[in-house]
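Enquirer: got a predicted structure plus its sequence, pasted below:
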Amino acid sequence: MRLILVGPPGAGKGTQAVHLAAHYQIPHISTGDIFRANLKNGTELGKQAQSFMDRGELVPDSVTNEMVKDRLGNPDAAKGFLLDGFPRNTNQAQVLDQILVEKKMPLDAALELKIDHAEIIKRLSGRRTCRGCGASSHVEFEKPKVAGVCDKCGGQLYQREDDKEEVLNRRLEIYAQQTEPIISFYNSKGLLKNISAVGSVETITKAAISALGK
Ligand code: AP5
Ligand code: MG
Ligand code: ZN
């Protein structure tokens, strides 16, 4: 299975990606997670990305496309992959196309997660992210067993800088302007599937698997 997830901030791409990657036994590749890991480790890539992420803007394509190309060259991607948060504009979608043609690894589907504005705000205002492993939880909807502590690795939970209101609004604007157009790009290729991203995490995972098949 070679799959991309498309949807606005807070749609649950990261949450669903964990379950879908386990179901299809493919690596979960999140460009946002890769950038955050680089930021944490103080790498050159992290430094390049930081100012864009802090403002809710896209990291330049020159940086992002190379990073994804590299990652798709890892041996684990030969059995399939799930891209979460990439592509995010039409240039990235076209570059991904070229990479996959070169590698003879055509995409199976682009899965769109649909959700309305009010629900996005509820999800992102209560989201907490793990400093250790990057996993998301929610203070109300996906409560950790111990407040402030990650269920998966025991790491400390924090609120992402870009989940604060001002930056969040910019991310939503960028999504509407730059990312939404890729939905029609994949629709015209016959690869688009869409599901509602509202409901329990399990219900949405089931809907995704039934839309994707196999
Ligand atoms: P990225 O990390 O990808 O952020 P995003 O797209 O804004 O998406 P989020 O991670 O905010 O939301 P999500 O859909 O994963 O939701 P989640 O599962 O956590 O990107 C961050 C930044 O990196 C970008 O702004 C940009 O600067 C840069 N970047 C990344 N990729 C790039 C690219 N390709 N090009 C250029 N720049 C790039 O869920 C949200 C919350 O809801 C959680 O609290 C969760 O617990 C809860 N939740 C999930 N599902 C449910 C449910 N069913 N019911 C109730 N609550 C739920
Ligand atoms: Mg995410
Ligand atoms: Zn953790």
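Expert: Perfect, I can see it now. Ligands and ions are numbered 1, 2, ... in the order given.
Enquirer: pLDDT score for the residue in the chain positioned nearest to ligand 1?
Expert: Residue nearest to ligand 1 within the chain (CB to the nearest ligand atom): G32, separated by 2.0 Å. In this view, the C-beta of every residue, glycine as well, is placed from N, C-alpha and C. We have a pLDDT of 96 for G32.
Enquirer: also K214?
Expert: K214 carries a pLDDT value of 66.
Enquirer: is the spatially most distant residue from the centre of the chain in a helix, a strand, or coil?
Expert: The C-alpha centroid of the chain is most remote from V146, which lies 25.8 Å away (CA atoms, centre = their mean). Under DSSP: H, G, I helix; E, B strand; the rest coil, the three-state class of V146 is coil.
Enquirer: please tell me how far it sits from S200.
Expert: Distance, V146 to S200, using CB to CB, to the nearest Å: 22 Å.
Enquirer: do the same with I4
Expert: Distance from I4 to S200, by CB to CB: 23 Å.
Enquirer: neighbour count winner among these two?
Expert: Set I4 next to S200 and count neighbours by other CB atoms under 10 Å: I4 wins out with 24 against 9.
Enquirer: tell me the secondary structure for that one?
Expert: Look at I4: counting by three-state DSSP, its state is strand.
Enquirer: kindly report the same for P9.
Expert: At P9 the chain is in coil, as set by three-state DSSP.
Enquirer: enumerate every residue touching it.
Expert: P9 is in contact with 120, 124, 168, 171-172, 175, counting by CB atoms under 8 Å, 6 or more residues apart in numbering.
Enquirer: so where do the strands sit in the protein?
Expert: Under the criterion DSSP state E, strands of the chain are mapped to 2-6, 28-30, 81-84, 109-114, 127-130, 136-138, 157-158, 192-196.
Enquirer: with distance to N41 added, can I get these in CSV?
Expert: Putting the strands of the chain into CSV (distance: least, CB to CB, whole Å) gives the following:
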stretch, distance to N41
strand 2-6, 25
strand 28-30, 16
strand 81-84, 20
strand 109-114, 29
strand 127-130, 15
strand 136-138, 20
strand 157-158, 16
strand 192-196, 35
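Enquirer: need these in JSON lines with distance to ligand 1, can you?
Expert: Listed next are these as JSON lines, based on distance: least, CB to the nearest ligand atom, whole Å:
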{"stretch": "strand 2-6", "distance to ligand 1": "8"}
{"stretch": "strand 28-30", "distance to ligand 1": "6"}
{"stretch": "strand 81-84", "distance to ligand 1": "7"}
{"stretch": "strand 109-114", "distance to ligand 1": "7"}
{"stretch": "strand 127-130", "distance to ligand 1": "3"}
{"stretch": "strand 136-138", "distance to ligand 1": "4"}
{"stretch": "strand 157-158", "distance to ligand 1": "10"}
{"stretch": "strand 192-196", "distance to ligand 1": "10"}
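Enquirer: could I get those as CSV with distance to ligand 3?
Expert: Shown next, in CSV, are those (distance: least, CB to the ion, whole Å):
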stretch, distance to ligand 3
strand 2-6, 21
strand 28-30, 14
strand 81-84, 17
strand 109-114, 23
strand 127-130, 3
strand 136-138, 9
strand 157-158, 8
strand 192-196, 27
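Enquirer: and the ones you listed: which comes nearest L72?
Expert: Set against L72 and scored by CB to CB, those come closest in strand 81-84, at 6.7 Å.
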